[in-house]
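Engineer: Give me a model of this one.
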Amino acid sequence: MAENLLHRSRRATAEGLMDAEESKRGLGQLPFDLTAELGSVIEAEEISPGVYSILTDQKEWGPEYYVVMKDAPAISDQARSYGQQFAEKDAICVYRQDIPGSGRRVIEFEVLRYQIKHHLPVDESKDSIYTAALYGMEENPDYFGEYPVPGITPRGCTVRHRKIINGVYWLETDRCEEMLSVCYPIWQSDLTIPEQRYGEQLEYDQIRQIDSTLGNLFFSKDNSYIPLFELSLANPEIRTNGVINMAALFNAICASYPEYTSAHNKDMEKYERGILIKETPDVGTEFIKF
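Structural biologist: Numbering: from 1, shown residues only. Take a look at the predicted model:
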């Protein structure tokens, strides 16, 4: 759903809509030739003046790219700085659509912003500019800014917070309760469905459906142990930046969820990979402190 961004539409254009035969002719009219660098273009669409979404035959899965021309009015100098350039073709910037952090989200955002600011038609079936920005915060926080710290939780207003990673925050509320907050793009991709179900939602997200509002999930301290562990597997920075005491977190999981610990370790030993959850004497279970 939220991943269905601009690159989903692949048809080659001179006008924006062509049949298959016209599409093939249109490929020969592209204002660039990157065959040597990217392979032959087999599908292309001009999604904004001077901005092209292309599919190539370079590899078996057909990599997709954004190609931005020097005179593309929608694209800022900052957005161009994320692009890849090739020798003697420095007027062209290229962005892989399947690689996080490539600048793809910045291009998608700036194209949408250009359409909105110039009152151009926007495909309502595709993601909104808010969605583009929300996913961009994860990949390019230097452009979009980091995910905001929630000011309101299901258990009161936030009075203190500590950043675990961008989009994952430890909160204390005005009811003196501590909670884990996880932004939508991270919990939706990095937490298993069973753990997602333990997450608490704001009333606003419950009423309007969280997959539409793209809201945060909140976990009480007692329900945060396994979500934090799962997040650490997908985001190694959590295990290394020192905010979470991983030995204490493992102790908390062992003490509160022995069945989960046993099942997880059995799977890891079976496949001889992954991280085992082990107890560490004299460390305790306080895995985070303000």
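Engineer: can you map out the helices along this structure?
Structural biologist: Secondary structure of the chain by DSSP state H: the helices cover 20-27, 35-38, 77-80, 104-117, 129-139, 141-144, 184-190, 193-196, 203-208, 210-213, 225-234, 237-240, 246-256, 258-271.
Engineer: wait, which of these is closest to residue 61?
Structural biologist: Between residue 61 and the helices of the chain, the shortest separation by C-beta to C-beta is 13.6 Å, and it involves helix 35-38. (Glycine included, C-beta is placed from N, CA and C.)
Engineer: tell me the most buried of the helices of the chain?
Structural biologist: Highest mean neighbour count of the helices of the chain: helix 104-117, a mean of 22 (counted as mean count of other C-beta atoms under 10 Å).
Engineer: which other residues reach that one?
Structural biologist: Helix 104-117 is contacted by residues 5-7, 47-48, 51, 66, 68, 73-76, 78-79, 82, 95-97, 120-122, 128-129, 132-133, 135-136, 139-140, 143-144 when judged by C-beta atoms under 8 Å, 6 or more residues apart in numbering.
Engineer: Equivalent analysis for stretch 235-243, please.
Structural biologist: Residues outside stretch 235-243 that contact it (C-beta under 8 Å, 6+ apart) are 162-165, 168, 170, 186, 190, 228, 231-232, 244, 246, 288.
Engineer: where in the chain is pLDDT low?
Structural biologist: Counting by pLDDT under 70, the chain contains low-confidence ranges at 1-28, 59-60.
Engineer: Go again with 90.
Structural biologist: Low-confidence regions of the chain, defined by pLDDT under 90, span residues 1-29, 57-63, 90, 123-127, 270-274.
Engineer: returning to that earlier point: can you redo the helices of the chain as CSV with distance to residue 56?
Structural biologist: Supplementary listing: the helices of the chain in CSV, determined by distance: least, C-beta to C-beta, whole Å:
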stretch, distance to residue 56
helix 20-27, 11
helix 35-38, 5
helix 77-80, 21
helix 104-117, 15
helix 129-139, 22
helix 141-144, 26
helix 184-190, 26
helix 193-196, 35
helix 203-208, 40
helix 210-213, 33
helix 225-234, 30
helix 237-240, 33
helix 246-256, 42
helix 258-271, 35
